[in-house]
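Would you be able to build a 3D model of this:
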Amino acid sequence: MKLIGSLGSPYVRKVRVVLAEKKLDYQFELENVWASDTAISKWNPLGKVPSLIMDDGSVMIDSRVMVEYLDTLTPVCKLLPTNSRDRADVKCWEALADGIIDAAVIVRLERLRPIELQSEDWVARQLGKVRLGLAALSDKLGDLPYCMGKNYSLADVAVGCTLGWLAFRFPDIGWRDDHANLARLFDKLSERQSFKDTFPSA
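Next up is the predicted model:
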């Protein structure tokens, strides 16, 4: 398998963490989708990373699709439960974590526009989603050691990648001070080799 992505994308990182946890071999090819000569459309008509090229040449897009598939390839470190309700709960954690990133990415892109074209109302709306999403993650986590209770799962991977990206791109968002339980979870996840090896960079 070959993973097309960037070192800074939290969606790419989520897939890389899962690949590492599952101990799956793959090639990692860097691609800057914002470069004028990007070739991303060869793999994804939507112009997004990650893209996962399978051994038969077919291409899988969307990190949520990829990680669910990758979890089926080996019994090592099972990240999704077999029980349908628990599985749906994990996917809801992932959807919330990814949604926080979606809103924050919009803010980042808006702030890259010329200052006279930026909309502070639009930025405030998206940051409101980020803060409400973080509060929801914190409420769901409570005093649990992991998102789903005692066991590490894809929910923790998704939440950890979201928190790591916010710390990387939005250090002014004080989620550590506001949500001590998320900080504890993030610090614990950051000790895992899969997280250490995929630390985001520009």
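
And the pLDDT for V159?
Looking at V159, its pLDDT is 98.

any idea how far it lies from V105?
From V159 across to V105, the span is 17 Å (CB to CB, to the nearest Å). Bear in mind the C-beta positions are built from the backbone N, C-alpha and C, glycine included.

now do G142
Note on G142: its distance to V105, by CB to CB, is 28 Å.

So these two - more neighbours on which side?
Taking neighbours as other CB atoms under 10 Å, G142 and V105 compare with V105 leading, 16 against 7.

what mean pLDDT does the helix or strand harbouring the more buried one have?
Using DSSP states H and E, V105 falls within helix 84-111. What helix 84-111 shows for mean pLDDT is 98.

Could you give the separation of that helix from the chain centroid?
Once both centres are worked out by CA atoms, centre = their mean, to the nearest Å, helix 84-111 turns out to sit 8 Å from its chain's centre.

Which neighbouring elements make contact with it?
Applying 3 or more CB pairs under 8 Å, 6 or more residues apart in numbering; DSSP states H and E, one finds that helix 84-111 makes contact with helix 10-21, helix 63-70, helix 120-141, helix 154-169.

Now with 7 Å, please.
Identification of packing neighbours for helix 84-111 by 3 or more CB pairs under 7 Å, 6 or more residues apart in numbering; DSSP states H and E yields helix 120-141, helix 154-169.

Please identify the buried residues of it?
86, 89-91, 93-94, 96-101, 103-107 (16 or more other CB atoms under 10 Å).

One more: stretch 191-202?
Residues of stretch 191-202 classed as buried by neighbour count (16+ other CB under 10 Å): R192, S194, F195, T198, P200.

how long is it from one end to the other?
21 Å (CA to CA, to the nearest Å).

what's the distance between it and the middle of its chain?
Chain-centre distance of stretch 191-202: 12 Å, with CA atoms, centre = their mean.

cool, stretch 76-83 as well?
The chain centroid and the centroid of stretch 76-83 are separated by 18 Å, computed with CA atoms, centre = their mean.

Ends of it, what's the gap?
Criterion CA to CA; first-to-last residue distance in stretch 76-83 is 18 Å.

ok, residues contacting that stretch?
V18, E21, K22, K23, E68, D71, R87, V90, S153, L154, V157 (CB atoms under 7 Å, 6 or more residues apart in numbering).

Among these, name the buried ones.
Among the contacts of stretch 76-83, those buried by neighbour count (16+ other CB under 10 Å) are V18, E21, K22, E68, D71, V90, S153, L154, V157.

Now the last one. Nearest residue, chain neighbours left out?
Distances taken as CB to CB, 6 or more residues apart in numbering place V17 nearest to V157, at 5.1 Å, with adjacent residues excluded.

shouldn't that neighbour be in contact with S194?
Yes. Taking contacts as CB atoms under 7 Å, V17 lies within contact range of S194: 4.5 Å.

Could I get the CA-only coordinates of stretch 51-62 as PDB?
What follows is stretch 51-62, C-alpha atoms only, in PDB (Å, rounded to 0.1, in the frame of the first residue of the first chain):
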ATOM      1  CA  SER A  51      -5.400   8.900  -0.500                       C
ATOM      2  CA  LEU A  52      -4.500   5.200   0.000                       C
ATOM      3  CA  ILE A  53      -3.300   3.300  -3.100                       C
ATOM      4  CA  MET A  54      -4.000  -0.400  -2.800                       C
ATOM      5  CA  ASP A  55      -1.800  -3.200  -4.000                       C
ATOM      6  CA  ASP A  56      -4.100  -3.700  -6.900                       C
ATOM      7  CA  GLY A  57      -3.900  -0.100  -8.000                       C
ATOM      8  CA  SER A  58      -7.300   1.000  -6.800                       C
ATOM      9  CA  VAL A  59      -7.500   4.100  -4.600                       C
ATOM     10  CA  MET A  60      -9.300   4.600  -1.300                       C
ATOM     11  CA  ILE A  61     -10.200   8.200  -0.200                       C
ATOM     12  CA  ASP A  62     -11.500   9.700   3.100                       C
END
